[in-house]
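J.: sequence and predicted structure, then a few things I'm wondering about:
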Amino acid sequence: MDDIFALDVSMGKSYCVWYRDGHCLQEFEMRHTRSNLSRLLKLLHDANNPVMYFEATGIYSRVFTRSSMNVAVFYNQLNADWNYHLNHLHTALKQTFPSLKKLFANRTSKLALNVVELFPHPDLVTSLSLVKLKNKLMALTDKRISKQKAYKYTDQLMAFVQENYLAVSVDSVQVGEVQYYARQLINLTDKKEELVKK
């Protein structure tokens, strides 16, 4: 179910309420400042498929409402694109390395997407020693990780290799497709983070 954000926009400030499943999660008043808009974007980022409703009476609210709506529409489009690419990534992973989906235990993290992009097929894992695998994880992921976390991912990858059957070869189109969707998701995550920071 979508989270709903209701904003009653007035001169210089807005009253905001965040609902989920008919329950109010937060309500607050905010002045129309860059930092408060960033706070609202952060809440939108944390919400489940956010939908915004504006109650704006008066000329003074038009600029804020238009600006907020533009940001919200763009953010919603990024979310829709993200979900689209994630569905395609999961479909492609079923053919190349099904166990790798277990990296997405909670939310799909940037680190997990980096691992998927680097190792979309079990043969790419087994072709490296544990140390080389750990070093590659540490060197080539967008987010820098510690040795301990790299070894944790190395152990997980090796365990996943043991669970898999090979439906396609390492040089198949599907392997490139997995890498493509993982990179697109990383780029969309970066764009969403950039938008929240503005």
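T.: Received, thanks.

J.: hang on, A112 packs against K102?
T.: No: using Cβ atoms under 8 Å, A112 is not in contact with K102, being 9.5 Å away. Bear in mind the C-beta positions are built from the backbone N, C-alpha and C, glycine included.

J.: so between the two, which is more surrounded?
T.: A112 (21 against 12; other Cβ atoms under 10 Å).

J.: distance check, the closest residue to that one other than its chain neighbours against I186.
T.: Using Cβ to Cβ, 6 or more residues apart in numbering and skipping the chain neighbours, the partner closest in space to A112 is L103 (4.1 Å). From L103 across to I186, the span is 14 Å (Cβ to Cβ, to the nearest Å).

J.: then R144?
T.: 15 Å.

J.: who has more neighbours out of those two?
T.: The neighbour comparison of R144 against I186 (other Cβ under 10 Å) goes to I186, with 20 against 10.

J.: how does this protein divide into domains?
T.: Per automatic domain parsing, the structural domains of the chain span 4-77, 84-197.

J.: pairing partners for the helix or strand bottoming out on mean pLDDT in the chain, with directions?
T.: Here the helix or strand of the chain ranked lowest by mean pLDDT, DSSP states H and E is strand 51-56, holding a mean of 74. Strand pairing for strand 51-56, determined by DSSP bridges: strand 4-10 (parallel).

J.: how far does the strand it pairs with sit from the chain's center?
T.: Between the centre of strand 4-10 and the centre of its chain there are 25 Å (Cα atoms, centre = their mean, to the nearest Å).

J.: got the buried residues for the helix or strand just after that strand?
T.: Later in the chain than strand 4-10, the nearest helix or strand by DSSP states H and E is strand 13-20. By 16 or more other Cβ atoms under 10 Å, the buried positions in strand 13-20 come out as K13, S14, C16, W18, Y19.

J.: list the contacts for the last one?
T.: Spelled out, that is Y19. Residues near Y19 by Cβ atoms under 8 Å, 6 or more residues apart in numbering: D3, I4, F5, A6, L25.

J.: if we can go back for a sec, which of the domains of the chain has the lowest average pLDDT?
T.: Note on the domains of the chain: domain 4-77 shows the lowest mean pLDDT, a mean of 78.

J.: next, the distance between the ends of that one.
T.: Length of domain 4-77, first residue to last, Cα to Cα, to the nearest Å: 16 Å.

J.: doesn't N114 make contact with T189?
T.: No: taking contacts as Cβ under 8 Å, T189 lies outside contact range of N114: 10.6 Å.

J.: the two: who's more crowded?
T.: N114 (21 against 17).

J.: from Y151, how far out is that one?
T.: Counting by Cβ to Cβ, the gap from N114 to Y151 is 16 Å.

J.: now do W82
T.: W82 is 30 Å from Y151, by Cβ to Cβ.

J.: also D190?
T.: From D190 to Y151 the distance is 26 Å (Cβ to Cβ).

J.: quick check: I186 touching N114?
T.: Yes: with contact defined as Cβ under 8 Å, I186 reaches N114; the gap is 6.9 Å.

J.: no further queries at this time; thank you.
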